[in-house]
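In: Sequence and computational prediction follow.
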Amino acid sequence: MKKSVIFSLFIVAILLGVGHVKRTKQLALHEEPIEDHSVEALAVSLEEDENSLEELVKVGAEDTLLYSKASAESAKIAEINRGELLELIATKDQWYQVKTNDGDEGYVSKNDSQLITRTTQVRPDSLEGTTIVLNPGHGGDDTGAVSNDGWIYEKEVTLETAEVIKEALEEKGSTVILTRDSDVTENLAEICTISQENDADIFISLHYDSSENMNEATGTTTYYYYEAYAELAETVNDALIENLPLQNRGIEYGNFQVLRENTQPALLLELGYMNSDDDLAIFNTSEYQQTVADALVEGLTDYFQASENA
């Protein structure tokens, strides 16, 4: 009797063990797709997310040449600024086929450039939930422009302005990141990295201008580098025209590193002239800085809402 019971228990144990093995195998089969990092799995993942990845070619050398064919013996089409981001069309041997910001198509050597990846985001339809990176121009050893009397530094005014703008944007639901919140020297390349790493919806560099001679220039200017962001520049600048007391000098192409090497939508604003006594008297006030903040809230809101209506 005891032998029969023991034998029965032994059979049950074997069956349970087999069942456990089967369940373990089923679980393992279920886990494999979750851990799958193949191209196919990545593609499915990206399709499920409204954001996607885009490959760009970043020019690494100064005055890199754009060739008509994948050969240094072919015709030279143009020189490209160091750090410029190019649209990747195809790869051929040691060459990238690209399209430049000016619309030229051709080839750049892999030796003079590198392939980078950025997240392509759907433009939000409101400020709420956006990420805005503000760069208070200059800082630390880099004072920027100086007032005519030598007492006021651009680096101080840009930080004060950024702090007011930050508060105004946060009230509308934006997450705002300052590239500096104290008087420190910044690396321009690292500023661009902050923008990319935080997948900024908008990057804005804040500055106050200076002319060759004292009191010869006045007003604000809005700069952009990539044609894709001309609409952003125009919309924000329209809000500055409507709200700021200073003359508006319009929007312009600006070959600045923080714009050229920035993977995110980027602007640089010059909000008055440090060596204009009249401008300084206006912009070196809390009232002006609040007006700038309100104007940017208005301009960015208009820009985002335009995507909703498109």
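Out: The structure has been received and is ready for your questions.
In: so the residue nearest in space to the middle of the chain, which of the three states?
Out: Centroid check for the chain by Cα atoms, centre = their mean gives residue 264 as the closest residue, at 2.3 Å. Following DSSP: H, G, I helix; E, B strand; the rest coil, the label given to residue 264 is coil.
In: correct me, but it touches residue 203?
Out: Yes - contact criterion Cβ atoms under 8 Å: residue 264 and residue 203 qualify, at 4.9 Å. Yep, even glycine has a C-beta here, placed from its N, CA and C like the rest.
In: who touches both of those two?
Out: Common neighbours of residue 264 and residue 203 (criterion: Cβ atoms under 8 Å, 6 or more residues apart in numbering): 133, 195.
In: still on that earlier bit, ok, the residue nearest to the centre of the chain to residue 296 distance?
Out: Separation of residue 264 from residue 296 (Cβ to Cβ, to the nearest Å): 16 Å.
In: how about the strands in the stretch 201-310 of the chain?
Out: Counting by DSSP state E, counting those that start in this stretch, the stretch 201-310 of the chain has strands at residues 202-209, 220-224, 248-253, 266-273.
In: Could you dump these into TSV with mean neighbour count and distance to residue 54 added?
Out: Shown next, in TSV, are those (neighbours: other Cβ atoms under 10 Å; distance: least, Cβ to Cβ, whole Å):
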stretch	mean neighbour count	distance to residue 54
strand 202-209	26	17
strand 220-224	24	19
strand 248-253	15	23
strand 266-273	25	16
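In: would you turn the ones you listed into JSON lines with distance to residue 107?
Out: Below are the strands of the stretch 201-310 of the chain laid out as JSON lines (distance: least, Cβ to Cβ, whole Å):
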{"stretch": "strand 202-209", "distance to residue 107": "30"}
{"stretch": "strand 220-224", "distance to residue 107": "27"}
{"stretch": "strand 248-253", "distance to residue 107": "24"}
{"stretch": "strand 266-273", "distance to residue 107": "27"}
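In: so who does residue 233 touch?
Out: Applying Cβ under 8 Å, 6+ apart to residue 233 gives the contacts 222, 223, 224, 251, 267.
In: Kindly report the same for residue 129.
Out: 173, 174, 175 are the contacts of residue 129 under Cβ under 8 Å, 6+ apart.
In: okay, now the second one: neighbour count?
Out: In terms of burial, residue 174 registers 22 neighbours under the definition other Cβ atoms under 10 Å.
In: Show residues contacting stretch 271-289.
Out: Here stretch 271-289 has contacts from 144-148, 152, 154, 157, 160-161, 164-165, 206-211, 213-220, 244-246, 292, using Cβ under 8 Å, 6+ apart.
In: Would you mark the buried spots in it?
Out: Using 16 or more other Cβ atoms under 10 Å as the burial criterion, the residues of stretch 271-289 that qualify are 271-276, 279-280, 282-284, 288-289.
In: Ok, stretch 128-137 next?
Out: Buried residues in stretch 128-137, counted by 16+ other Cβ under 10 Å: 130, 131, 132, 133, 134, 135, 136, 137.
In: State whether the third one and residue 174 are indeed in contact, as I suppose.
Out: Yes - using Cβ under 8 Å, residue 132 is in contact with residue 174, at 5.0 Å.
In: What are the phi and psi values at the nearest residue to residue 110 once chain neighbours are set aside?
Out: Closest residue to residue 110 apart from its sequence neighbours, by Cβ to Cβ, 6 or more residues apart in numbering: residue 94 at 5.0 Å. Torsion angles at residue 94 (phi, psi; degrees, to the nearest 10) stand at phi -100, psi 30.
In: What pLDDT is listed against residue 94?
Out: pLDDT, residue 94: 96.
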